[in-house]
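Undergrad: structure of the sequence below:
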Amino acid sequence: MNDLTVKELTIEELKAVELNILKDVAKFCEKHDIKYFLCGGTLLGAIRHKGFIPWDDDIDIAMPREDYERFFKLYNSSNTRYHADSLENNPNWHMSFGRVGDTATVLYEHTLKEKYKEYHAFIDVFPVDGIPSCSWKERLLLFTQKTLGVIGNASAFTYTPSKHFADSKENNVELKNKIRTFIKYAFITVCAGFNTQKVFSLVNSIATKYRISESDIVGLTVYVWNWDFESLKKTSIDGYVKLPFEDTEFYAPQGYIEYLENTFGDYMTPPPEDRRVSHHNFNVYWKNK
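TA: Numbers count the residues shown, from 1 in each chain. Just a heads-up that it's a prediction; the model follows:
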């Protein structure tokens with residue numbers, strides 16, 4: 001990190017920066033007729049909290065694949081402060097999905113290799129692709145994308161001790177963290193030789209084999225969390241509705257209830273207090289402040 005990055009953002013400042021990125025992205029998308037919608041915890045926050053989940057500090061949006069590709073092709077040509085990165089426009093990108101960052105900030109992510117550590121305060125942008133209706137093809141796609149995703153992530157990571165259970169009230173927390181640390185170290189060591197960009201390019205290539213226009217179910221297939229796709233019926237993204245998020249309204253798929261039920265189950269019930277924590281491993285600083 002350089003000498004310009006001297007003042008760390010508070011959580012509230014970080015949320016404000018992310019919200020401003022989202023506003024700029026939404027404005028750009030509406031101007032260029034690019035479809036987007038809130039997803040993941042951001043959509044959950046819009047419904048349950050009318051904004052950020054109180055203990056969370058990130059923003060996620062999704063775009064149908066064709067819109068996603070147009071967005072990353074066009075966005076940077078008309079913007080000087082915010083910068084979009086994905087495999088579509090950055091051959092050195094180290095993720096299966098894209099991000100838009102605020103270049104007035106520097107983010108230092110501790111779990112990544114040195115060449116990937118520095119970025120900016122950001123929002124995540126995910127492509128939406130088709131999901132096969134045949135159950136065994138869906139399971140094969142799920143297994144393939146999850147496996148490649150784990151390998152790709154591990155190839156970009158550096159070794160840090162696991163704190164996965166640090167906030168847990170379970171028994172044997174210290175032992176569980178030691179076991180997880182050993183597994184993590186071994187896997188990162190094994191995957192260190194993989195080319196991160198090639199792995200995630202393959203993930204996207206596989207995802208695009210299933211076109212939205214030819215599918216009844218769609219979802220986020222380039223990033224698999226908890227061994228399941230975030231999915232919904234294709235008809236659910238045939239139309240969009242605006243929902244309040246903090247001080248602005250943003251688009252959600254018209255089938256957002258189905259999406260939330262599929263992804264979170266009883267989505268209106270908050271998790272236990274010991275799980276109300278952010279799991280990000282980064283610090284964010286202002287430039288020139």
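Undergrad: what helix or strand is A26 located in?
TA: Element membership of A26 [criterion: DSSP states H and E] is helix 11-31.
Undergrad: buried ones in that helix?
TA: Applying a neighbour-count criterion of 16 or more other C-beta atoms under 10 Å, one finds 14-15, 17-22, 24-26, 28-29 buried in helix 11-31. Glycine gets a C-beta too; all of them are placed from N, C-alpha and C.
Undergrad: quick one: those residues as TSV, columns for distance to T144 too.
TA: Converted to TSV, those look like this (distance: C-beta to C-beta, whole Å):
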residue	distance to T144
L14	34
K15	35
V17	36
E18	31
L19	35
N20	37
I21	32
L22	31
D24	35
V25	30
A26	33
F28	33
C29	30
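Undergrad: tell me which of these is nearest to P54?
TA: P54 lies nearest to K15 out of the buried residues of helix 11-31, by C-beta to C-beta, at 10.2 Å.
Undergrad: for the residue nearest to the closest one when sequence neighbours are not counted, give its distance to K287.
TA: Leaving out its chain neighbours, the residue that sits closest to K15 by C-beta to C-beta, 6 or more residues apart in numbering is F52, at 5.6 Å. According to C-beta to C-beta, to the nearest Å, F52 and K287 sit 24 Å apart.
Undergrad: over to L260?
TA: 37 Å.
Undergrad: who's more crowded, the two?
TA: The neighbour count for L260 versus K287, taken as other C-beta atoms under 10 Å, is higher for L260 (23 against 15).
Undergrad: list the contacts of that one.
TA: For L260, the set of contacting residues under the criterion of C-beta atoms under 8 Å, 6 or more residues apart in numbering consists of L43, L44, I47, Y267.
Undergrad: now these in a markdown table, with neighbour count and distance to I151?
TA: Formatted as a markdown table, the entries for the contacts of L260 read as follows, by neighbours: other C-beta atoms under 10 Å; distance: C-beta to C-beta, whole Å:
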| residue | neighbour count | distance to I151 |
| --- | --- | --- |
| L43 | 26 | 28 |
| L44 | 22 | 29 |
| I47 | 18 | 34 |
| Y267 | 16 | 31 |
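Undergrad: looking at the residues you listed, which are in helices?
TA: Judged by DSSP state H, these include L43, L44, I47 as members of helices.
Undergrad: within the sheet, what are the partner strands of the longest strand anywhere in the chain, with directions?
TA: Of all the segments assigned as strand in the chain under DSSP state E, the longest by residue count is strand 118-131. Strands flanking strand 118-131 in the sheet, each with its direction: strand 60-64 (parallel), strand 98-109 (antiparallel), strand 217-225 (antiparallel) (DSSP bridges).
Undergrad: the longest one - what's its average pLDDT?
TA: pLDDT averaged over strand 98-109 equals 97, rounded to a whole number.
Undergrad: and the residue nearest the centre of the chain, what is it in contact with?
TA: Among the residues of the chain, the smallest C-alpha distance to the mean C-alpha position (C-alpha atoms, centre = their mean) belongs to D124, namely 4.4 Å. Residues counted as contacts of D124 (C-beta under 8 Å, 6+ apart) are D58, I59, D60, I61, F97, G98, R99.
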